[in-house]
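Asker: Task: produce atomic coordinates for the following.
(chains A, B, C, D and E, ligands or ions: 5)
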Amino acid sequence: MNEKKIGEVILDVRNISLRFGGVKALTDISFDVREHEVRAIIGPNGAGKSSMLNCINGVYQPQEGSISFRGQTFKHMNSRQVAEMGIARTFQNLALFKGMSVIDNLMTGRNLRVKSGLLAQAFRNPFGIGNAQKEEEQHREFVEHIIDFLEIQAHRKTPVGTLPYGLQKRVDLGRALAMEPQVLLLDEPMAGMNLEEKQDMSRFILDVNDEFGTTIVLIEHDMGVVMDISDRVVVLDYGKKIGDGTPEDVRGNEEVISAYLGTSH
Amino acid sequence: MFYRENGQFKTSYRADQQIFAIAQDRWLVLALIAAAFIVVPMLASDYMMRAILIPFLIMSLAALGVNILVGYCGQISLGSGAFMAVGAYMAYNFFVRIPGMPLVPALLLGGLCATVFGVLFGLPSLRVKGLYLAVATLAAQFFADWMFLRVKWFVNDSPSGSVSVNNLQVFGLPIESAVSKYLFCLAVLVVLALLAKNLVRSAIGREWMAIRDMDVAAAVIGIRPMYAKLSAFAVSSFIIGVAGGLWAFVYLGAWEPAAFGVDLSFRLLFMVIIGGLGSIMGAFFGAGFIVVLPIVLNQALPELASLFGMSMTTATVSHVELMIFGGLIVWFLIVEPHGLAKLWSIGKQKLRLWPFPH
Amino acid sequence: MSTDSPIVLNVNGIEVIYNHVILVLKGVSLTVRQGQIAAILGGNGAGKTTTLRAVSNLLKGERGEVTKGSIELRGERIENLSPADLVQRGVVQVMEGRHCFAHLTIEENLMTGSYTRKDKAEVARNLEKVYTYFPRLKTRRTSQAAYTSGGEQQMCAIGRALMANPSVVLLDEPSMGLAPQIVEEVFEIVKDLNHKEGVTVLLAEQNTNMALRYADYGYIMESGRIVMDGPAADLRNNEDVKEFYLGMGGGERKSFKDVKSYKRRKRWLA
Amino acid sequence: MAFFLETLLGGLMAGMLYSLVALGFVLIFKASGVFNFAQGAMVLFAALAMARFSEWVPQWIGIESLVLANVIAFVLAGALMWVVAWLIERLVLRHLVNQEGVTLLMATLGITYFLDGLGQTLFGSNIYAINVGMPKDPVFLLESTFPGGVLVNLEDVYAACIAALLVAALSLFFQKTSTGRALRAVADDHQAAQSIGIPLNRIWVIVWFVAGVTALVAGIIWGSKLGVQFSLTTLALRALPVVILGGLTSVPGAIIGGLIIGVGEKLSEVYLGPFVGGGIEIWFAYVLALVFLLFRPQGLFGEKIIDRV
Amino acid sequence: QAKEQFFPLLSYRTGPYAPNGTPWANGKQDYLKLINARDGGVNGVKLTFEECETGYATDRGVECYERLKSRPGVSLFDPQATGITFALTEKVTTDKIPLITLGYGLSVSQDGNAFKWNFPLMGSYWTGADILIQHIGAKEGGLDKLKGKKIALVYHDSPFGKEPIPLLQERQRMHGFDLQLIPVTAPGVEQKAAWLQVRQSRPDYVLLWGWGVMNSTALKEAQATGYPREKMYGVWWAGAEPDVKDVGAGAKGYNALALNTSGQQPKVIQDILKHVHDKGQGTGPKDEVGSVLYTRGVIIQMLGVEAVRRAQERFGKGKVMTGEQVRWGLENLALDQKKLDSLGFAGVMRPLSTSCNDHMGSTWARVHTWDGAKWNFSSDFLQADEQIIKPMVKAGADKYLADKKMTRRAAADCGS
Ligand SMILES: Nc1ncnc2c1ncn2[C@@H]1O[C@H](COP(=O)(O)OP(=O)(O)OP(=O)(O)O)[C@@H](O)[C@H]1O
Ligand SMILES: Nc1ncnc2c1ncn2[C@@H]1O[C@H](COP(=O)(O)OP(=O)(O)OP(=O)(O)O)[C@@H](O)[C@H]1O
Ligand SMILES: CC(C)C[C@H](N)C(=O)O
Ligand SMILES: [Mg+2]
Ligand SMILES: [Mg+2]
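Answerer: Ligands and ions are numbered 1, 2, ... in the order given. Take a look at the predicted model:
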């Protein structure tokens, strides 16, 4: 295994605070993510991990703080802009397009890159007039790679709503990958998987990280996974950051142990 | 056994991306279209054409349009009648006010006006969702009803407010006989259905469906809700508008706003739900169900009754017709909540496995 | 302890078909005895959820149906009972993927769980019990369920089922999305209920490690069939189970980092 | 001034009457997540039953008293609505557990057709009268303050009071009882509700029955005002902006929405209508509701629409 | 092949307009049964019919038309609705089947030179409105007394309701009364705003151009707002039993135009009772026979049958007439008092005779008043003012022809 090159800071979260009415979901959180690294966020339930991701990709607007991406600072961003910058995301509660087939779900990930307009698409044809068909085929080819990669060939045309939970998680990842993101935010991608599947998933994540150099931010409750595959870990508790460092550092941190890991670990 | 895709390996994505990827389907559909153009005109009676097939074709087209908005983009619309009315009345105005205006451009221009109207009343969809949006579309419906009744300009100052067209021609051929009307509607339908199919299987169609299924997630992968929703309103109301023009010009010939009332909007919505939301095929099934079934029931019931030695008054027939119609709707929904198109595809799936049960 | 206690749940060769065409369970049989914790293990899509739905009769809403076989609860055929009847008989399911009532607050969610309980004092006691199990819920009790975190919702779903004072609990992936500490907690609760109140548990779980630690008996499912079953202790020592489910192939735990993505084959499928 | 007051009052009264129909929508939506398009048909069906029973009962059992005939007719019509609710649960809803909103909505449309057909078959399609002794002629108030006084319809006032009572009772039911909570749970998630032992079947019969009785009350009031005839079903379209403005899930919302829509449409028709040729009230009602929605997409009192990933 | 003349009957027995549509349809059917039962048809040609339910909806109406138009021996259509009439007007020209719209349809279609296939027999909305204004004028003591008076038109918001407006505006110009237009959205169950406006402007007269529930609702709202029913005048579609019956006492004093009598005295009604109802062949309930709309249905059918008879006189007695031949018959109806008497219509209606130019045949109507139990005539037959109507019809027909790029029928065409 070749040594990984961790690069510059790509994503810098500064003093983010987020409140919902009286609930303080995040209080003054700062951390950074470096290019190519696998950055884990852990913490007990309701700590604010998902909310953190939502802030990064513009679903929630934090009341305070800022986030910079490749040195460019922004406070209020909408999801579209974030997506255009190359930040993709998977969801904890599965936010797939249930009525669409696996292929179509993945293809939506390519939509940002589609150039032909509405009319061109309406008149797309197999006779080589216009670009729409060619473009479609190129995107399809890309998506097929992801399908092979995630090993969901058999389910290409199945509506995702009827897939078992674990496969849906995979499709969710695939859709994010289809965006060819620079940063991939993963919210509990392995929940509901058994060990073997978690191993596969870890493999996928590491491969993405290696092969495409994608930076990964990962929320996960399985400490085995976190310890094994992440480069650095942020620990949140009740909206506050209580730890940040290498897996070993974090595992040794008293506060983290009592807040999150429990005694038996 | 016959419906097998085994051995049909796709060697390119293009092959797999064809509208009908399975050869049997492709041939079946081509055969159907050919039959519709060639065989049906030879066999169907005048009544069949004028009273059943033409309305069926036009309503299929309209349902197709509604399906894009409701089925693909998930925006519930009860204003389709209004979009049809705009298409019809504006096409009428282009047709009678501009000397020498040919029929097809008039219809298309009517469709474009419907597009504008549709986008306008689609604007609230950026904020209002689901059933609540139905109010916006109903506002469009009642506003259009009122406008075409009240604003004299739209009816070319006819005192009673009803308008009519005649002398329809396409490329110099008169559209008068049942066959020519039928073929004209069929041609328009086939072309627009093909374009619609292209759209829904392309990027824009996926944007619509993404917005329908989960708009927050769609936004996160970079889909602009505004563009997706408004383009759905635009495309859908264009198609509905053209259908409205056909309904008025070809089927009715003369009409008043009541011909595009809220009842029609409801019926169009039924068509897409019964036919299958998010399925082009569903539009045809739905139109068939809602247009043809009542007529069939209406004619079959007295015969049926007389088989048992009863005679039914027209009133009883239509009451029983309503009951059976309602009952069938419920029954089909129970058998397959996702509509006739889904039932069809399940049927195909079974056929594929045949003769093995699973 | 429980091999000779009476059979509570007896699933006998059931077949389940979704949507009239998708055959998912192909003759699944299992028995759960009084006071037992039985675990169903298996990969994604194996049919665990489907099995539980078949027992609790929640298949209909998914357009699935049991086409063959029988299901008995304490000797009584239950295929035709409604889910509500089953709850009356003490069988409660915690559904996969949480399914909290989005518009209701956490506390209202819990209270709906006691719909079948008429005794006010008992309900209050249960509520207190759930809050002591999951203190996090207490702090979030007035939030609408939709606006709580994934783990909070999972706790809510489990708590809600406990509010019904069940005698048989069907747990579908209870540990999903929970922090390790809480996972432990949940299994302790299960053990507690099982030991102290004699609650019978049928558990579908991906966290094999935990499941086999707490269960008495285990079933392993692959593509709609039970491929292996036995007392939990035996399964823990089975080589295949060790390799594929516990990640202990070759003796010790492999790092997630080092697992190769080569295609492996399970011996029992051969 | 007096006329303005009259218009205002007229709007308020009309609004209350819309609320009665709107209430049926809200009940069923709140308790099962079904948008019941059949509410209009149920109003007609119930009103037809009431009208015809009150006509037939004296013939059947030879009583003279109008009051008694009406009471018996009411009970019979109520019983009929129970049967309808039971059948709807048995034959329709039970088979559509856990289906999407549109599917259920479509099913209620099927029910609409069925009830329309059945109602007319059983009871006929002429205009029938319901006479529950409502006063028909107007009274004039404040005659000393305004020349000619302010015209008020006692009939409307009674109707409004009945509507208010009904709303109060139903609000209490939803707020205070555990059944109310169970109903809301069902609306959120059929399956989860089943999984914790809420008997959907029974709940649905109850809810549809209550909605049926609401429809009966609405039918009696509207029927005694307008006569009972097929067109009563179109009231549903009048009540729709009311439901939506008030919020699909709010019982008090139905009343407030009704008042706003009622006043809005009457004022607009009377004061704006003449400038544009009139006939604007129906779309004005919808546009008014729409304007409110732009500020509160869930309606005035509706539950916040949840969108969360 | 049996000799059968076929009468397609478009009707509506369900939906919002059923209460009014039903007696009308029953009258039409019963008259056909009567002719068959009593006379054995028309000169030996049996009359057959089939009903088709339109529900008052245009598209269903078109379907019914297409379904029935090619039956052998088809004679004519009576669509029973203005909307359907519009749609069929375009179609009958090619299919060569006449359309009779007694007392409804397009007022300009009176001009048989422009509307070859339309027959708005016995009156159009322009004649109706004109007669009402004359009647009101007479009440006031002369048309000149109308100056400064306020007349409100409460109308069904559809082409049907809008038809009288041009005529009323013409009269307004002549006499200087105030005309207030108050539309009521179809089907007309909600009229509070309309009647608030009436209460505000307190017009001297209200003209009611309604159909179906709109009529009874209007009367109830009038009562609720205290507008005197004596001052209300309805069109002949707002002056039948279903419009007033369930209003009870509240309708007392209300007036409406009448094209025909009601009651069971006329001979033709007696004949129907005897030959049809007493034999158990009646279409509807017996006590409805002879009601206003029922009788109108009978008249409509009689005119159709007489057109066939007239056509047979020219094209061959005892033969089945084609649509074109029936059209000729309709254009050459000559029903004088004697003829009417012999047909059993003595006192039921005014004589009527049509021509190539005039497809209406009669411009007379009278007013009747509801006394709480039945309709009583409250005026003599009045004739609409030809001086006013003729030019309007001519102008309207010319515009229609111009829009359609058609020309008037040649004089020679009249004989065919
Ligand atoms: N939209 C919202 N409105 C109100 N409160 C919210 C909202 N989103 C999150 N919260 C609250 O903020 C807190 C943090 O939630 P978040 O989903 O970020 O937790 P989490 O760390 O992802 O937990 P888990 O591991 O259980 O998924 C929780 O208490 C939650 O209830
Ligand atoms: N509603 C449904 N319609 C059609 N197929 C379904 C449906 N639900 C499940 N299936 C299919 O049934 C099979 C078994 O699914 P099930 O959910 O029971 O698996 P599981 O063992 O619970 O998996 P997981 O661990 O991912 O939850 C899968 O192949 C799935 O695609
Ligand atoms: C046909 C007549 C009864 C008039 C009717 N209101 C219509 O215009 O349709
Ligand atoms: Mg989370
Ligand atoms: Mg599962």
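Asker: so where is the stretch 151-270 of chain C shaky, pLDDT-wise?
Answerer: C:247-253, C:259-270 (pLDDT under 70).
Asker: residues from it in reach of chain A?
Answerer: By CB under 8 Å from any CB of the partner chain, the residues of the stretch 151-270 of chain C that approach chain A are C:151-152, C:154-155, C:173, C:176-184, C:206-209, C:244-247, C:253-257, C:259-261. All C-beta atoms are positioned from the backbone trio N, CA, C, and that covers glycine.
Asker: residues touching the closest residue in space to B:E336 that isn't next to it in sequence, list them.
Answerer: Excluding the flanking residues, the one nearest B:E336 by CB to CB, 6 or more residues apart in numbering or on different chains is B:L343, at 4.3 Å. Neighbouring residues of B:L343 by CB atoms under 8 Å, 6 or more residues apart in numbering or on different chains: B:332, B:335-336.
Asker: Chain B against ligand 1: which residues are in contact?
Answerer: Remark: no part of chain B is in contact with ligand 1, using CB under 6 Å from any ligand atom.
Asker: Are stretch E:276-295 and chain D in contact anywhere?
Answerer: No - Stretch E:276-295 lies out of reach of chain D by CB under 8 Å from any CB, never closer than 9.4 Å.
Asker: Convert that stretch to CSV, retaining C-alpha atoms only.
Answerer: This file holds the C-alpha atoms of stretch E:276-295, laid out as CSV (Å, rounded to 0.1, in the frame of the first residue of the first chain):
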residue,chain,number,x,y,z
VAL,E,276,-99.4,5.8,-22.8
HIS,E,277,-99.5,6.2,-19.1
ASP,E,278,-102.7,4.2,-18.5
LYS,E,279,-101.1,1.4,-20.5
GLY,E,280,-98.2,1.4,-18.2
GLN,E,281,-95.9,2.8,-20.9
GLY,E,282,-95.3,6.2,-19.3
THR,E,283,-91.8,7.3,-19.1
GLY,E,284,-91.9,9.3,-15.9
PRO,E,285,-94.3,9.6,-13.0
LYS,E,286,-97.8,10.3,-13.9
ASP,E,287,-98.3,13.4,-11.8
GLU,E,288,-95.5,15.1,-13.7
VAL,E,289,-97.3,14.8,-17.0
GLY,E,290,-98.5,18.2,-18.1
SER,E,291,-96.0,20.1,-16.1
VAL,E,292,-94.3,23.1,-17.8
LEU,E,293,-91.2,21.4,-19.0
TYR,E,294,-92.9,18.2,-19.8
THR,E,295,-95.4,20.0,-22.0
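Asker: Now the residue nearest to B:E336: which helix or strand?
Answerer: helix B:339-353 (DSSP states H and E).
Asker: related to what we said a few turns ago, can you tell me which of the residues of the stretch 151-270 of chain C next to chain A are in helices?
Answerer: C:151-152, C:154-155, C:180-184, C:208-209 (DSSP state H).
Asker: Which ones among these also lie next to ligand 1?
Answerer: Restricting those to those touching ligand 1 (CB under 6 Å from any ligand atom) yields C:151-152.
Asker: Between which two of the ones in helices among the residues of the stretch 151-270 of chain C next to chain A is the distance greatest?
Answerer: Greatest spatial distance in those: C:E152 and C:T208, 25.0 Å, computed using CB to CB.
Asker: So the closest residue to E:H275 other than its chain neighbours: helix, strand or coil?
Answerer: Excluding the flanking residues, the one nearest E:H275 by CB to CB, 6+ apart is E:A37, at 4.4 Å. Using DSSP: H, G, I helix; E, B strand; the rest coil, the three-state assignment for E:A37 comes out as helix.
Asker: Thought E:Q281 was touching E:A37, still the case?
Answerer: Yes - at 7.1 Å, E:A37 counts as touching E:Q281 under the criterion of CB atoms under 8 Å.
Asker: Break down chain D into its helices, ranges please.
Answerer: For chain D, applying DSSP H gives helices covering D:2-32, D:39-61, D:66-91, D:101-123, D:154-176, D:178-188, D:190-195, D:200-226, D:235-246, D:251-267, D:273-276, D:281-295.
Asker: Which strands or helices does the shortest one pack on?
Answerer: Read that as helix D:273-276. Secondary-structure packing of helix D:273-276 (3 or more CB pairs under 8 Å, 6 or more residues apart in numbering or on different chains; DSSP states H and E): helix E:192-201.
Asker: One more: the last one?
Answerer: The helices and strands touching helix D:281-295, judged by 3+ CB pairs under 8 Å, 6+ apart, are helix B:130-150, helix D:235-246, helix D:251-267.
Asker: got these as a markdown table, with distance to chain E columns?
Answerer: Output for these, formatted as a markdown table (distance: least, CB to the nearest CB, whole Å):
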| stretch | distance to chain E |
| --- | --- |
| helix B:130-150 | 6 |
| helix D:235-246 | 6 |
| helix D:251-267 | 5 |
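Asker: can you tell which of the ones you listed is closest to D:P199?
Answerer: Smallest distance to D:P199 across those (CB to CB): 22.8 Å, for helix D:251-267.
Asker: what's the angle between that closest one and helix D:235-246?
Answerer: 110 degrees (axes from the mean of the first three to the mean of the last three CA atoms, to 10 degrees).
Asker: Pull the contacting residues for E:I97.
Answerer: Residues in contact with E:I97 (CB under 8 Å, 6+ apart) are E:69, E:74-77, E:117, E:323, E:326-327.
Asker: Check the secondary structure at it for me.
Answerer: Applying three-state DSSP: E:I97 is coil.
Asker: Let me know the pLDDT of it.
Answerer: As predicted, E:I97 sits at a pLDDT of 96.
Asker: Quick check: phi and psi on it?
Answerer: phi -130, psi 130 (degrees, to the nearest 10).
Asker: Quickly note the distance from it to D:N36.
Answerer: 44 Å (CB to CB, to the nearest Å).
Asker: For chain C, which residues are neighbours of chain D?
Answerer: Within chain C, the residues that sit near chain D (CB under 8 Å from any CB) are C:56, C:58, C:60-62, C:82-88, C:92-95, C:99-104, C:108-109, C:111-113, C:115-116, C:144, C:146-147, C:157, C:160-161, C:163-164.
Asker: just the buried members of these?
Answerer: Buried subset of those (neighbour count, 16 or more other CB atoms under 10 Å in any protein chain shown): C:56, C:58, C:60-62, C:82-84, C:86-87, C:92-95, C:99-104, C:108-109, C:111-113, C:115-116, C:144, C:146-147, C:157, C:160-161, C:163-164.
Asker: Show me which residues of the stretch 101-250 of chain C sit near ligand 2.
Answerer: Applying CB under 6 Å from any ligand atom, we find that the stretch 101-250 of chain C lies next to ligand 2 at C:Q206.
Asker: secondary structure element for A:Q92?
Answerer: Going by DSSP H and E, A:Q92 is not part of any helix or strand.
Asker: What residues does it make contact with?
Answerer: Contacts for A:Q92 were tallied using CB under 8 Å, 6+ apart; they are A:50, A:187-188, A:191, A:219, C:150, C:177, D:309.
Asker: And the pLDDT at the residue nearest to E:H275?
Answerer: 95.
Asker: Near it, how many other residues are there?
Answerer: E:A37 is flanked by 17 other residues according to other CB atoms under 10 Å in any protein chain shown.
Asker: roughly how far apart are it and B:A31?
Answerer: 54 Å.
Asker: just B:V96 next, same as before
Answerer: Counting by CB to CB, the gap between B:V96 and B:A31 amounts to 40 Å.
Asker: who's more crowded, those two?
Answerer: Just comparing B:V96 and B:A31: by other CB under 10 Å the higher neighbour count belongs to B:V96, 16 against 11.
Asker: Could you find the closest non-adjacent residue to that one?
Answerer: The nearest residue in space to B:V96 (CB to CB, 6+ apart) is B:N156, at 5.7 Å.
Asker: Now do the contacts for the one you found.
Answerer: Per CB under 8 Å, 6+ apart, neighbours of B:N156: B:92-93, B:96-97, B:163, E:403.
Asker: Counting neighbours, which of those residues end up buried?
Answerer: B:92-93, B:96, B:163, E:403.
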